[in-house]
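Engineer: Attaching a predicted model along with its sequence, questions to come.
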Amino acid sequence: MLSLRSINQFYGKNHTLWDIDLDLIPGTCTAIVGRTGTGKTTLVNCIMGRLPINSGSITWQQAGSPPANLLLEPSETRAAMGIGYLPQGGQIFTQMTVEENLLIALLACDDRQRIMPAMLHQLFPQLFALRHQRSGELPAALQQQLALARALVLQPQLLILDEPTEGMSPWLEEEMGNLIHRLNRDFGLTILLLEQRISFIRRVADYFLLLHCGRNVAQGRMAQLDESMVSTWLAL
Ligand SMILES: Nc1ncnc2c1ncn2[C@@H]1O[C@H](COP(=O)(O)OP(=O)(O)OP(=O)(O)O)[C@@H](O)[C@H]1O
C-alpha cells in the first residue's frame with residue numbers, strides 16, 4: 001500500500017511539512033486530522049504529485065507487485081496506478097451531463113480498460129438513472145455522489161478524500177459516512193480521509209494521524225485519540 005517516510009516540504013522558505021511518516025493498512029480508513037492550515041492538503045498534494053517534496057520517500061505497492069517509487073511517476077499517471085482522489089469541494093463539470101463527467105474521468109486510463117465499473121451502478125443507482133441530466137442541475141447530494149463516482153471510475157485501491165463533509169448537512173454527512181463504510185467493507189478499498197469533524201472521523205476511521213503546524217504529533221488507532229488530545233490539538 002502507501003508508505004511515506006520523512007516527508008519534508010517547503011513553500012519557498014516556509015517549512016510546511018516536517019518529517020512525516022505514514023503507513024496505510026489495506027482495507028482500512030486512516031484520517032489525517034488537524035486544525036485548518038496545518039498541512040493536510042499539502043501532504044495529499046505531495047502524494048498526488050501536484051507538489052514536489054524537498055526530502056523523503058513515497059512508496060506505492062499493489063497486492064502481488066513489487067514496491068514502486070511514486071516520486072518517479074508523473075501526477076497524471078498516479079490515478080491510473082490505483083490512487084483515486086476526491087478534492088476539496090468535489091469538482092465536477094457542471095455544464096456536462098452525469099455520463100460525460102464519468103467518461104472524462106475514464107479517459108485517464110489505458111484504452112483497453114475503459115469500462116464503467118459495476119460497483120458504480122451498485123453504489124449510485126439514482127445517479128445512473130439521471131445519467132443524461134446536466135450535472136449542474138442535480139441536487140447537492142447527487143452532485144457529491146458524482147464527484148465521488150468520478151474518483152472511483154478507475155477502480156482505485158486507495159481513495160483519498162479531502163474534507164468530503166465540508167458544508168454538508170447532518171443528513172448528507174450521514175450518507176457520506178455510510179458510503180465510506182461500504183467502500184471499506186464491501187469493496188475492500190483503502191481510504192485516506194482529510195477531515196476536521198471529529199464526530200465524523202470517530203464514526204468512519206480506523207486509524208488517525210494528527211498534524212499540528214506541519215508536524216505529526218500523534219498517530220494510532222482511533223480509540224487512542226482521546227479527549228485531551230482533541231482539546232490540546234484540535235479545539236478552536
Ligand atoms: N500555494 C501555497 N503557497 C504558500 N503557502 C501555502 C500554499 N498553500 C498552502 N500554504 C500554507 O501552507 C500551510 C498548510 O496549508 P494546507 O492548505 O496544507 O493546510 P490544511 O491543513 O489542508 O488546511 P485546510 O483544513 O484549511 O484545508 C498553511 O500555512 C498555508 O497558508
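Structural biologist: Arrived safely. Residues are numbered from 1 along each chain as shown.

Engineer: CA atoms for contacts and neighbours, from now on please.
Structural biologist: Fine.

Engineer: which intervals of the protein have sub-threshold pLDDT?
Structural biologist: Along the chain, segments meeting pLDDT under 70 span 109-114, 236.

Engineer: Show me the helices in it, by range?
Structural biologist: Taking DSSP state H as the test, the helices found in the chain are 40-47, 75-80, 98-106, 118-123, 125-129, 140-152, 170-185, 198-204, 227-229.

Engineer: Can you lay out these as JSON lines showing mean neighbour count and distance to the ligand?
Structural biologist: What follows is the helices of the chain, written out as JSON lines (neighbours: other C-alpha atoms under 10 Å; distance: least, C-alpha to the nearest ligand atom, whole Å):
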{"stretch": "helix 40-47", "mean neighbour count": "21", "distance to the ligand": "4"}
{"stretch": "helix 75-80", "mean neighbour count": "18", "distance to the ligand": "17"}
{"stretch": "helix 98-106", "mean neighbour count": "19", "distance to the ligand": "24"}
{"stretch": "helix 118-123", "mean neighbour count": "14", "distance to the ligand": "27"}
{"stretch": "helix 125-129", "mean neighbour count": "14", "distance to the ligand": "28"}
{"stretch": "helix 140-152", "mean neighbour count": "22", "distance to the ligand": "18"}
{"stretch": "helix 170-185", "mean neighbour count": "16", "distance to the ligand": "17"}
{"stretch": "helix 198-204", "mean neighbour count": "16", "distance to the ligand": "13"}
{"stretch": "helix 227-229", "mean neighbour count": "12", "distance to the ligand": "17"}
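
Engineer: ok, now which ones touch Ile32?
Structural biologist: The neighbours of Ile32, taking C-alpha atoms under 8 Å, 6 or more residues apart in numbering as the test, are Lys40, Leu192, Leu193, Leu194, Glu195, Phe208, Leu209, Leu210, Leu211.

Engineer: and of those residues, the nearest to the ligand?
Structural biologist: Nearest to the ligand out of the contacts of Ile32 is Lys40 (C-alpha to the nearest ligand atom; 3.8 Å).

Engineer: Correct me if wrong: that closest one contacts Leu210.
Structural biologist: No - using C-alpha atoms under 8 Å, Lys40 is not in contact with Leu210; the gap is 9.5 Å.

Engineer: which residues are common contacts for these two?
Structural biologist: What both Lys40 and Leu210 touch, as defined by C-alpha under 8 Å, 6+ apart, is the set Ile32, Val33, Gly34.

Engineer: Who is the second one paired with across the strands?
Structural biologist: To tie it back to what came earlier, the one meant is Val33. Glu195, Leu210 (DSSP bridges).

Engineer: correct me, but it touches Ser199?
Structural biologist: No - Val33 is beyond contact range of Ser199, at 11.8 Å (criterion: C-alpha under 8 Å).

Engineer: Which residue, neighbours along the chain excluded, lies closest to Asp21?
Structural biologist: Arg5 (4.6 Å; C-alpha to C-alpha, 6 or more residues apart in numbering).

Engineer: Show me what the one you found is bridged to.
Structural biologist: The partner residues for Arg5, given DSSP bridges, come to Ser57.

Engineer: That one contacts Asp19, doesn't it?
Structural biologist: Yes - between Arg5 and Asp19 there is a contact at 7.3 Å, judged by C-alpha under 8 Å.

Engineer: Now do the shared contacts for the two.
Structural biologist: Gly56.

Engineer: quick revisit: and the residue nearest to Asp21, how many neighbours?
Structural biologist: 15 (other C-alpha atoms under 10 Å).
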